[in-house]
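**Q** What follows is a predicted structure for the sequence shown.
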Amino acid sequence: MAQNLNHALPPEEHTMLTVSSSRFGEIQADPDKIITMTSPFLGFPESKRFMLIPHGENTPFMWLQSLDDPQLAFVVIPALILVPDYNPALPAQARQELKAGEDDELNILLLLTIPHNNPQKMTANLLGPLMINPEQRLAKQIILDPNKWDPRWPVFTDDGK
């Protein structure tokens, strides 16, 4: 006589992805929060899946942690926090890759460079922002006009603000 064991099975669970990161130790990535690059960052062809990790409380800084290469993480910040009027035009092909319509809101993150032992000289890359479609969880780094955008825009002024 076959016994019905369906009632004893746990409800379908979200399978978390576990990654052992050099920076954060073991981290759990919720599949619903994984960001997939439509094309990888230059120099990092194997890294296509990322997650955002807050740097801490009361700070706009975040880590963009690779789930494909646990040694790789970028420090990022929302563009509008640094440059309130920063709204570069997104090429039509990039919008298609991100599966974003003309009216879809995209998040823009800037990659930061932090000199060793000198965080006051931190710069943001306005030339190569990371565009994210939050609905699709797709991202792409786009390269803008170098005559218009600075790849080493100072995050802090000389007085440290």
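**A** Good, I have the coordinates.

**Q** Which neighbouring elements make contact with the one helix or strand residue 19 maps to?
**A** According to DSSP states H and E, residue 19 maps onto strand 17-21. For strand 17-21, the packing partners by 3 or more CB pairs under 8 Å, 6 or more residues apart in numbering; DSSP states H and E come out as strand 25-29. Yep, even glycine has a C-beta here, placed from its N, CA and C like the rest.

**Q** same question for the helix or strand that the strand it packs on is followed by, mean pLDDT?
**A** Once the chain leaves strand 25-29, the next helix or strand it forms, by DSSP H and E, is strand 35-37. Strand 35-37 carries an average pLDDT of 98.

**Q** Now do strand 35-37: distance to the chain's middle.
**A** 8 Å (CA atoms, centre = their mean, to the nearest Å).

**Q** Each with direction, which strands does that strand pair with?
**A** Using DSSP bridges, the strands paired with strand 35-37 are strand 49-54 (antiparallel), strand 138-141 (parallel).

**Q** where does the protein dip in pLDDT?
**A** For the chain, applying pLDDT under 70 flags the ranges 1-14, 158-161.
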